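# Below: sequence and its predicted model.
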Amino acid sequence: MPIHMDIVDCWRSVLLACVIASGSSCAVAQQRECSQIIVTDDSDYSPLHWYDGKSLNGASIEIATTAIKAIQAPFLVRFVGPLERVLQAGKDGDVDLIASLRPTPERMKYLEFNKAPVFANPPTLYVAKGHEFIYSGWNDLIGRRGGMTAGNQFGGGFDDFMKKNLTIEVAQKTYMNFKKLELGRIDYLIAGYYNAEGYLLKSSQQSKFVALKPAVVNTFSTIAFSKRSPCLKYQQALDTQIGIMRDQGVLDEILERNIRLYRDVAEEVGN
């Protein structure tokens with residue numbers, strides 16, 4: 001039986017559109033429907049988000065899920081792993097939403113960032129106590145050995161400055177960087193303030209390290225959707241809800257509660 005040419009032409013048009021859109025495959029035809037918003041974040045960034053062996057917890061996760069519940073959208077919190085895996089999952093469209101992340105030009109290529117900020121978590125310089133140096137700006141870091149955790153970006157133009165002017169060693173975990181700092185293998189560590197303070201509290205090492213001022217950059221973290229997510233239809237409503245929660249003081253309440261919770265857990269472990 002001859003194939004009707006209208007059908008052939010129709011499929012040619014669909015395939016051509018898919019190739020143009022995806023570059024290699026018919027992503028549109030294969031794209032999953034938004035049955036639920038898949039939420040994730042870095043598994044090692046307490047007290048903002050961390051994995052306790054059973055589930056993802058922390059202020060970022062609670063803020064995102066509270067806002068999603070308020071707009072009455074279905075969701076699922078999924079453990080993916082460290083930040084590099086989370087970012088790759090966002091790039092591939094395997095997850096829909098990253099609970100809190102700093103916007104940077106590189107990340108904006110594959111993520112849609114909400115306008116409403118979730119909270120500030122300024123990238124901060126940490127040094128070993130007794131090895132402080134005068135720091136008033138980025139140029140003071142030139143010629144010194146720095147460290148950071150894999151996957152981190154800091155925004156505010158600092159990432160470009162860092163690539164062009166600084167010597168930075170990358171480690172997979174926060175504790176690895178502080179150990180290198182303690183042993184004198186690096187001169188400073190760049191880390192999110194809350195994450196660094198949470199680790200030092202849990203490990204009872206506050207007396208070993210000093211946070212230098214000012215912050216490296218003053219940027220806000222916000223919710224980010226994968227550009228390949230079919231759940232982008234919820235972004236505007238979620239952005240509006242985050243703004244409402246911020247104005248009502250709910251974001252600060254959630255952050256403080258999770259900091260206290262993490263502090264209590266850390267003290268129990270320490271005792």
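Received it, and whenever you're ready, just let me know what you need. Numbers count the residues shown, from 1 in each chain.

# and the longest helix seen in the chain, what does it pack onto?
Counting by DSSP state H, the longest helix found in the chain is helix 250-270. Judged by 3 or more CB pairs under 8 Å, 6 or more residues apart in numbering; DSSP states H and E, helix 250-270 is in contact with helix 59-70, strand 119-120, helix 193-202. Backbone N, C-alpha and C define where each C-beta goes, glycine included.

# Show residues contacting it.
The contact list for helix 250-270 (CB atoms under 8 Å, 6 or more residues apart in numbering) reads 46-48, 57-59, 62-63, 66, 118-119, 194, 198, 201-202, 204, 242, 245.

# before we move on, what about stretch 106-120?
Counting by CB under 8 Å, 6+ apart, 59-60, 63, 87, 90-91, 98-101, 103, 153, 159, 218-228, 232, 235, 238-240, 242-243, 246, 251-252, 255 sit against stretch 106-120.

# from those residues, which would you call buried?
Using 16 or more other CB atoms under 10 Å as the burial test, the contacts of stretch 106-120 include 59-60, 63, 87, 90-91, 98-101, 103, 153, 159, 219-226, 228, 235, 238-240, 242-243, 246, 251, 255 as buried.

# Out of those, name the ones that lie in helices.
Per DSSP H, the subset of the buried ones among the contacts of stretch 106-120 in helices is 59-60, 63, 87, 90-91, 159, 235, 238-240, 242-243, 246, 251, 255.

# with these in mind, which one is nearest to Asp187?
Nearest to Asp187 among these: Asp159, at 19.3 Å, using CB to CB.

# Who are the contact partners of the closest one?
104, 106, 153.

# Surely the first one touches Gly157?
When you say that, I think you mean Thr104. No - the pair Thr104 and Gly157 does not pass the contact test of CB atoms under 8 Å, sitting 9.7 Å apart.

# So which of these two has more stuff around it?
Taking neighbours as other CB atoms under 10 Å, Thr104 and Gly157 compare with Thr104 leading, 20 against 12.

# Would you quantify the distance from the closest residue to the more buried one other than its chain neighbours to Asn114?
Of all residues not flanking Thr104 in the chain, Gln153 sits nearest, at 4.3 Å (CB to CB, 6 or more residues apart in numbering). Relative to Asn114, Gln153 is positioned 17 Å away (criterion: CB to CB, to the nearest Å).

# just Ala120 next, same as before
15 Å.

# Of the two, which one has the most company?
More crowded of Ala120 and Asn114, by other CB under 10 Å: Asn114, with 23 against 14.

# I'd like the distance between the more buried one and Gln172.
Taken as CB to CB, the span from Asn114 to Gln172 is 28 Å.

# That's all I had, so thanks and see you.
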